[in-house]
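J.: Have a look; sequence and predicted model below, questions after that.
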Amino acid sequence: MSLWGGRFERAPDALFRRFGDSLRFDRALGEADLTASAAWARELGHAGVLSADDAERLATEIERLRAEVASGAVVIPGEGAEDVHSWAEEVLTARLGDLARRLHTGRSRNDQVATDLRLWLRDALDERRVEIGRVRDALLRLAGREGDAIFPGYTHLQRAQPILFGHWCLAWDEALARDAARLGDARRRASACPLGSGALAGSAWPIDRDRLAASLGFESATRNSLDAVSARDFVLEALSAMAICGTTLSRIAEDLIFYASGEAGFIELGDEVTSGSSLMPQKKNPDALELIRGRAGRLIGALMTVLVVVKGLPSAYNKDLQEDKEPLFDAMAHGGMALRMLAIVLDSVLLHRDAARAAAQGGHANATDLADYLVERGVPFRTAHELAGRAVRLALSRGVSLEALPLDDLRSISALIDADVLPRLTPEAVVSRRNVHGGTAPARVHAALEAARARLDLEGAARGRAAP
Ligand code: ARG
């Protein structure tokens with residue numbers, strides 16, 4: 001059954017049908033479509049298009065079908081109808097006859113699909129936010145377990161200054177909190193209901209669009225019918241937030257891959273998230289993390305796809321807009337999987353504290369603190385920087401660390417250096433001195449961890465779900 005056969009003499013070409021039909025993927029919208037249709041049926045009753053009895057009978061049958069789809073009792077096929085909207089109407093017509101043929105009064109697939117997609121996206125964004133919460137939870141657990149360990153901090157992938165491992169965990173918690181907030185922003189703007197906008201000009205029937213929007217749990221009805229069927233910036237915004245989140249996940253993965261490398265050896269990943277080599281028996285490869293890093297490309301690609309699809313489209317609905325769905329579904333599904341995977345990887349991380357501390361102690365990562373020591377003795381920082389640099393050069397030539405240089409050698413660089421410099425150069429001392437808001441001193445990291453824990457619990461509660 002087609003929704004639009006009347007004006008055509010010949011049937012569509014078989015390839016055109018295959019090329020154009022979207023049921024294969026938009027069946028994912030089945031439940032959202034039926035939810036919106038039940039609300040629409042009731043609204044047709046309020047508007048006097050259907051009798052109250054008919055409206056209720058129609059809405060009830062639609063809700064029954066939705067429950068059957070949700071439970072799996074009815075499986076939406078991948079072909080046999082043009083799209084999920086046609087499929088639903090066909091099934092309802094088989095069940096209710098002419099009553100179901102009244103459902104599409106005053107409605108267009110243009111306002112229907114825009115509504116369905118927003119309903120679907122609302123739930124998908126909520127799921128991703130919960131999953132981000134779980135990754136953050138895993139990071140905070142890791143910080144609770146190993147957060148007090150001394151760890152090498154890098155810039156340019158060169159050892160820079162020691163930090164606490166908990167500081168690293170909390171850094172990524174910050175980024176993920178922003179990612180979640182961005183998804184929340186996208187959700188807020190997606191929460192306007194296009195239904196009642198018709199094909200482009202607004203429904204010709206006296207629909208109370210505000211009541212309709214509220215009955216579907218939207219925050220408002222869209223204000224302009226032309227915009228409502230045209231707009232896909234809510235898709236772009238969600239994809240953009242997902243792509244950004246993908247880059248966060250990718251960078252976390254990259255850090256961990258490096259930390260787990262043979263060259264670094266600061267952490268070990270669990271057997272359950274690593275693979276061996278078919279040839280080299282000794283290998284333990286960080287496949288899960290590499291796939292998380294790689295999958296970011298997919299999320300970025302989805303955003304690019306839809307950006308290019310909408311760019312240059314004339315206003316209102318054009319069939320090009322059907323191309324928004326696969327990238328959106330794909331990005332949401334794969335982003336979700338990457339998030340769930342990362343939470344498992346983080347729980348498997350084992351820290352090699354000695355190796356991490358040794359690396360933090362090496363690489364002359366305490367040179368800044370030698371300079372600061374001289375500053376305390378009245379030397380201008382630029383001069384102190386130069387002197388500490390000379391000390392590094394001397395240590396390099398001797399093949400030792402700064403603190404292993406004999407005091408006389410240090411004093412040959414500046415007579416202001418005394419034996420009391422040595423305790424200043426341990427990684428513990430270096431870390432402790434970064435005692436500013438946002439710094440890596442143990443007291444700060446400890447307080448930051450508590451605060452992060454409280455924030456995460458609060459956000460979980462604010463979402464109306466148990467904190468993940
Ligand atoms: N499958 C279509 C889509 O995804 C539904 C809307 C069809 N509208 C139309 N005027 N042909 O966009």
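T.: Arrived safely. Residues are numbered from 1 along each chain as shown.

J.: Tell me the spacing between the most centrally placed residue in the chain and G184.
T.: Central residue of the chain (C-alpha atoms, centre = their mean): C245, 4.0 Å from the mean position. Per C-beta to C-beta, to the nearest Å, C245 is found 12 Å from G184. Any C-beta I mention is one placed from the backbone N, CA and C, and that applies to glycine too.

J.: Run through the residues that contact the residue lying closest to F329 once chain neighbours are set aside.
T.: In space, and not counting its chain neighbours, F329 is closest to A28: 5.6 Å by C-beta to C-beta, 6 or more residues apart in numbering. When contacts are counted by C-beta atoms under 8 Å, 6 or more residues apart in numbering, A28 is found next to 120, 325, 329.

J.: Show me which of those residues is closest to the ligand.
T.: K325 (5.9 Å; C-beta to the nearest ligand atom).

J.: got the contact list for the closest one?
T.: By C-beta under 8 Å, 6+ apart, the contact set of K325 is 22, 25-26, 28-29, 117.

J.: Near the ligand, which residues of the stretch 251-400 of the chain are found?
T.: Taking C-beta under 6 Å from any ligand atom as the contact definition, the stretch 251-400 of the chain meets the ligand at 317, 319, 321-322, 325.

J.: Output these in a markdown table, with secondary structure and pLDDT appended to each entry.
T.: Compiled in a markdown table, these are given as follows (DSSP: H, G, I helix; E, B strand; the rest coil; pLDDT from 0 to 100):
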| residue | secondary structure | pLDDT |
| --- | --- | --- |
| Y317 | coil | 97 |
| K319 | helix | 98 |
| L321 | helix | 98 |
| Q322 | helix | 98 |
| K325 | helix | 98 |
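
J.: of the residues you listed, buried ones?
T.: 317, 321-322, 325 (16 or more other C-beta atoms under 10 Å).

J.: mind putting those residues in CSV, distance to A11 included?
T.: CSV is the format used below for those (distance: C-beta to C-beta, whole Å):
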residue, distance to A11
Y317, 24
L321, 25
Q322, 20
K325, 25
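
J.: ok, those residues vs the ligand, which is closest?
T.: Taking C-beta to the nearest ligand atom as the measure, the ligand sits nearest to Q322 out of these, at 3.6 Å.

J.: Go ahead and confirm the closest one touches S22.
T.: Yes - with contact defined as C-beta atoms under 8 Å, Q322 reaches S22; the gap is 5.4 Å.

J.: Over in the stretch 151-300 of the chain, which residue gets nearest the ligand? Let me know.
T.: Distances between the stretch 151-300 of the chain and the ligand by C-beta to the nearest ligand atom are smallest at A199, namely 7.1 Å.

J.: surely that residue meets R107?
T.: No - with contacts counted by C-beta under 8 Å, A199 stays clear of R107, the gap being 9.0 Å.

J.: The two: which has the busier surroundings?
T.: Shown here are A199 and R107; by other C-beta atoms under 10 Å, R107 has more neighbours (24 against 16).

J.: so where's the stretch 251-400 of the chain shaky on pLDDT?
T.: Across the stretch 251-400 of the chain, not a single residue meets the criterion (pLDDT under 70).

J.: all helices of it, in order?
T.: With DSSP state H, counting those that start in this stretch, the ranges of helices along the stretch 251-400 of the chain come out as 287-310, 325-348, 353-361, 367-376, 381-398.

J.: Kindly reformat these as TSV containing distance to G72.
T.: Below are the helices of the stretch 251-400 of the chain laid out as TSV (distance: least, C-beta to C-beta, whole Å):
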stretch	distance to G72
helix 287-310	27
helix 325-348	18
helix 353-361	49
helix 367-376	61
helix 381-398	66
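
J.: next SSE after the host helix or strand of S412?
T.: S412 is part of helix 407-413 when elements are defined by DSSP states H and E. For helix 407-413, the following helix or strand on the C-terminal side (DSSP H and E) is helix 427-432.

J.: by contact count, what packs against that next one?
T.: Contact partners of helix 427-432 among helices and strands, from 3 or more C-beta pairs under 8 Å, 6 or more residues apart in numbering; DSSP states H and E: strand 150-155, strand 158-164, helix 353-361, helix 367-376.

J.: how about these in JSON lines, adding distance to W205 and mean neighbour count?
T.: Formatted as JSON lines, the helices and strands packed on helix 427-432 follow (distance: least, C-beta to C-beta, whole Å; neighbours: other C-beta atoms under 10 Å):
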{"stretch": "strand 150-155", "distance to W205": "64", "mean neighbour count": "20"}
{"stretch": "strand 158-164", "distance to W205": "64", "mean neighbour count": "20"}
{"stretch": "helix 353-361", "distance to W205": "68", "mean neighbour count": "19"}
{"stretch": "helix 367-376", "distance to W205": "72", "mean neighbour count": "20"}
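
J.: I figured the residue nearest to the centre of the chain was touching A181, is that so?
T.: No - the pair C245 / A181 is not scored as a contact, 10.7 Å apart, by C-beta under 8 Å.

J.: which residues does L299 contact?
T.: Residues in contact with L299, defined by C-beta under 8 Å, 6+ apart, are 239, 242-243, 245-246, 331, 334-335.

J.: which phi and psi does the residue nearest to the centre of the chain have?
T.: phi -60, psi -40 (degrees, to the nearest 10).

J.: Now it. Nearest residue, chain neighbours left out?
T.: Excluding the flanking residues, the one nearest C245 by C-beta to C-beta, 6+ apart is D179, at 4.0 Å.

J.: OK, contacts around that neighbour?
T.: 132, 241, 244-245, 248.

J.: Equivalent analysis for E68, please.
T.: Here E68 is in contact with V74 (C-beta under 8 Å, 6+ apart).

J.: what helix or strand does it sit in?
T.: Element membership of E68, judged by DSSP H and E, is helix 52-71.

J.: For that helix, buried residues please.
T.: Of the residues in helix 52-71, 54-55, 57-59, 61-66, 69 count as buried by neighbour count, 16+ other C-beta under 10 Å.

J.: hmm, the longest helix anywhere in the chain in reach of the ligand?
T.: For the chain, the longest helix by residue count, based on DSSP state H, is helix 109-146. Yes - judged by C-beta under 6 Å from any ligand atom, helix 109-146 and the ligand are in contact via 109-110, 113.

J.: Show me the one in these that has more neighbours than the rest.
T.: Among those, V113 has the most neighbours (other C-beta under 10 Å), with 26 neighbours.

J.: Report the contact partners of it.
T.: V113 neighbours (C-beta under 8 Å, 6+ apart): 26, 29, 83, 85, 321.

J.: Was I right to think A186 contacts D233?
T.: No - A186 is beyond contact range of D233, at 9.8 Å (criterion: C-beta under 8 Å).

J.: Between these two, tell me which one has more neighbours.
T.: More crowded of A186 and D233, by other C-beta under 10 Å: A186, with 24 against 15.

J.: Show me which residues of the strand or helix carrying that one are buried.
T.: A186 is part of helix 165-190 when elements are defined by DSSP H and E. Burial within helix 165-190, assessed by neighbour count using 16+ other C-beta under 10 Å, is assigned to 165-173, 175-177, 179-180, 182-184, 186-187, 190.

J.: Can you give the distance of that helix from its chain's centre?
T.: Distance, stretch centre to chain centre, for helix 165-190: 8 Å (C-alpha atoms, centre = their mean, to the nearest Å).

J.: Quick check: E290 touching A253?
T.: Yes - judged on C-beta under 8 Å, E290 makes contact with A253 at a distance of 7.1 Å.
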